[in-house]
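**Student:** need coordinates for the below:
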Amino acid sequence: MALGFAPRDFIDLAVAVKARIDQAADNQEDLKGLAKEVHADINILEQCLSQREPKDGCHSKYRECLKELKRDLREFLNRCEALVVTAPLSSWNGIRQRALGLAQTGSIRKEIETLHQNIKTRYRRLNLLGQALMYSEQARGHQEIVEELHLIRADLKRPGTHGSAPSDSSSAKRPTNTDQEQERGSSFSKKRSQKKGYAAVVKEKLLAPTSHRYGPSSVLRCLRFVRFLRDSSRSHDGGRHSFRICTGAFAGEMEALSRSLRGTGYAGDILKHLVKVNRRLAKEDPGVYRDRLASSLDDYGTLLIKVGSPSAGAVETLEEAVEIYKGLVIGDPINFAEPLAAALHNLSVILLVDNRPVYALECSQRAAETIRPLANEGPDRFKPLLVTYLTNYYRALSELKRFKDGIPVLQEVAEIQERLSRKDRRRHEPALADTHAQLAQVYRHLGDYRRARSSIECAVNITRIHAHVPDPPLAIQKSLSSHLNTYFDMIRTADEQKALEVIAELVEVRRGLSRRDPHCKAHLGIALHNYATHLRRLGKYVEAKKMAEDAVRVRQSIPVPKDTSAAEGIELSIAASRRLRDSIERDLRSGKKDG
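**Tutor:** Next up is the predicted model:
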């Protein structure tokens, strides 16, 4: 029996083919946009390099990296352009080629996204090298750092090279001649004494006040000293005790190195290796090295959170750190309560990211309870920590929709911040304002509008003081903008005259923000639109028309983004402001009196 086809079947087929063609075109545009962005960034870096061009040409390795990135990107661009066939659809051959090229459009999209991330990762590494190069006092120093880093990474990845004692087979092959043994022992002792002398000099320089500031000279000193300690730990001959001493010193300098290289892409490799070293030391002597193992685990887990690595590894690492600190705090609560609280806090942060709010709530509550006695009885330096841990505790409660339980937590945060602000207003009052704004949102959610208004007024008044100074920080102006917007939204119908004052101030604040940061134009457009709407509600049609026209003009000046949905949103906002302007004009033509 022959199968029949209805006209609808052919229409569906045509729609499906067109969707595939559009998707392939999107792939091509994404790829071209990526190429332009990366090439522009590379050009900027090359311009910076050309301004500090050395005569000895020691930027060659960096330039080779740039060329490789350009070449890979160009090859990928050509490959995808070949997949997206541009033959005309008017011929059967064109339709056939297009069908063949689009057979795996979905996989092309995935490939573009994957390679996009790979290129971004490679570019970040190049950018970090470029920054180090630009800020280095001597280009040759930068080259030495790069070479030392590659040597360190090669050593870290080489199995069984760290701290390995001489094997029985190697000792069996030693010469039995007494004179040769004495000569070798004398040479070895001399070499060790020379190394000790060199270590003393290097360590003295390493422990200088500026040693751990980010810079080529300090990092290079640290790298050289770590390599010296590694060589020493390989050649130790004093048994298990001397091995622990030497390896412990090496671990300490590895920790210093990780601090010096924070943010350069190498800290993760070093911290990962440091965890292995400290774990081995903790097995040999847990009384001395368990706390160092916990500290390195906490540092490594925190780094995994920052770089966005898979949360499972970060959770396991931080859980191990917490368990070690729990055992240590029993015997020495004074010294280990603070690191235990920090590890619990870091664990709760990654658990919230991992969408495990119940477990995160338990950890964040325990972190706050652990640090609270130190904050109440100890020096003031513990109080900001308690604020941070309580704020994260509230985040966990809000994720579980337990807003009523979160009110006492935020109130305690506000009380601590108020006490701190009496000693340092500039540092702590902006955070106090943010806490009052959070309280306002909670009260509003629970229907307590009186307390909500009181809290948001506190937030606005505090932030306004810090914003009305010459050249205020951009973050303070943005906070004032956010708090004023919340305030207006709360009272726009309950207190129309006060709301008029608030929206007028909000517009002026956002005008200033737009002059400093063009990305704030979208928020200015919203404020102008709301201002026009409120003026129309109060019967002030002439002024409302002016604000609506300003809203249209500002929204038209916003650069059109590449994202299709964002571009459509801008067009819709322009259309809404035009409709508002036209409605106000009709009100004026109809004879409505201006208030």
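
**Student:** tell me the domain ranges of the protein?
**Tutor:** 12-135, 139-159+194-262, 492-595 (automatic domain parsing).

**Student:** so where's this protein uncertain?
**Tutor:** 1-270, 307-312, 594-595 (pLDDT under 70).

**Student:** all helices of the stretch 301-450 of the chain, in order?
**Tutor:** Using DSSP state H, counting those that start in this stretch, the helices of the stretch 301-450 of the chain run over residues 311-331, 333-353, 357-377, 383-399, 403-421, 425-445, 449-467.

**Student:** which among those is found nearest to residue 295?
**Tutor:** helix 333-353 (6.7 Å; Cβ to Cβ). Where you see a C-beta, it was placed from the backbone N, CA and C, and this is true even at glycine.

**Student:** quick check: angle from the closest one to helix 357-377?
**Tutor:** 150 degrees (axes from the mean of the first three to the mean of the last three Cα atoms, to 10 degrees).

**Student:** what's helix 333-353 packed up against?
**Tutor:** helix 286-307, helix 311-331, helix 357-377, helix 383-399 (3 or more Cβ pairs under 8 Å, 6 or more residues apart in numbering; DSSP states H and E).

**Student:** could the ones you listed go into TSV alongside mean neighbour count and distance to residue 435?
**Tutor:** Below are the helices and strands packed on helix 333-353 laid out as TSV (neighbours: other Cβ atoms under 10 Å; distance: least, Cβ to Cβ, whole Å):
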stretch	mean neighbour count	distance to residue 435
helix 286-307	20	24
helix 311-331	18	27
helix 357-377	20	15
helix 383-399	21	8
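
**Student:** Throw the ones you listed into a markdown table and include distance to residue 349, thanks.
**Tutor:** Listed next are the helices and strands packed on helix 333-353 as a markdown table, based on distance: least, Cβ to Cβ, whole Å:
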| stretch | distance to residue 349 |
| --- | --- |
| helix 286-307 | 6 |
| helix 311-331 | 9 |
| helix 357-377 | 8 |
| helix 383-399 | 6 |
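
**Student:** and those helices: which comes nearest residue 272?
**Tutor:** helix 286-307 (6.3 Å).

**Student:** send me that closest one as CSV with only the CA atoms.
**Tutor:** What follows is helix 286-307, C-alpha atoms only, in CSV (Å, rounded to 0.1, in the frame of the first residue of the first chain):
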residue,chain,number,x,y,z
PRO,A,286,50.0,13.7,62.8
GLY,A,287,50.6,15.7,65.9
VAL,A,288,52.8,18.2,63.9
TYR,A,289,51.4,18.2,60.4
ARG,A,290,47.6,17.5,60.6
ASP,A,291,46.9,21.3,60.9
ARG,A,292,49.0,22.0,57.8
LEU,A,293,47.2,19.3,55.9
ALA,A,294,43.8,20.9,56.8
SER,A,295,45.1,24.3,55.9
SER,A,296,46.3,23.2,52.4
LEU,A,297,43.0,21.3,51.9
ASP,A,298,41.0,24.4,52.7
ASP,A,299,43.2,26.6,50.4
TYR,A,300,42.9,24.1,47.6
GLY,A,301,39.1,23.7,48.0
THR,A,302,38.7,27.5,48.1
LEU,A,303,40.7,27.8,44.9
LEU,A,304,38.5,25.2,43.2
ILE,A,305,35.5,27.3,44.1
LYS,A,306,37.0,30.4,42.6
VAL,A,307,38.1,28.9,39.3
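
**Student:** so which elements touch that helix?
**Tutor:** Counting by 3+ Cβ pairs under 8 Å, 6+ apart, helix 286-307 packs on helix 239-260, helix 267-284, helix 311-331, helix 333-353.

**Student:** ok and the second one relative to helix 286-307, angle-wise?
**Tutor:** Spelled out, it's helix 267-284. Using the same axes, to 10 degrees: helix 267-284 against helix 286-307 is 160 degrees.

**Student:** one more: the third one?
**Tutor:** Between helix 311-331 and helix 286-307, the angle formed by their directions is 150 degrees, by the same axes, to 10 degrees.

**Student:** name the residues that touch helix 311-331?
**Tutor:** 275, 290-291, 293-295, 297-298, 300-302, 304-305, 336-337, 339-340, 343-344, 346-347, 350-351, 353-354, 363, 370 (Cβ atoms under 8 Å, 6 or more residues apart in numbering).

**Student:** measure stretch 462-476 end to end?
**Tutor:** End-to-end distance for stretch 462-476, by Cα to Cα, to the nearest Å: 10 Å.

**Student:** any chance you could list what contacts it?
**Tutor:** 426, 429-430, 432-433, 436, 477, 479-480, 483, 509, 513, 516-517.

**Student:** which of those are buried, as a PyMOL select command?
**Tutor:** Restricted to buried positions by 16 or more other Cβ atoms under 10 Å, the PyMOL selection for the contacts of stretch 462-476 reads:
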select buried, resi 429+430+432+433+436+477+479+480+483+509+513
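
**Student:** as TSV, the contacts of stretch 462-476 with distance to residue 586 would be great.
**Tutor:** Converted to TSV, these look like this (distance: Cβ to Cβ, whole Å):
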residue	distance to residue 586
426	50
429	47
430	45
432	47
433	42
436	42
477	37
479	39
480	35
483	35
509	31
513	33
516	37
517	36
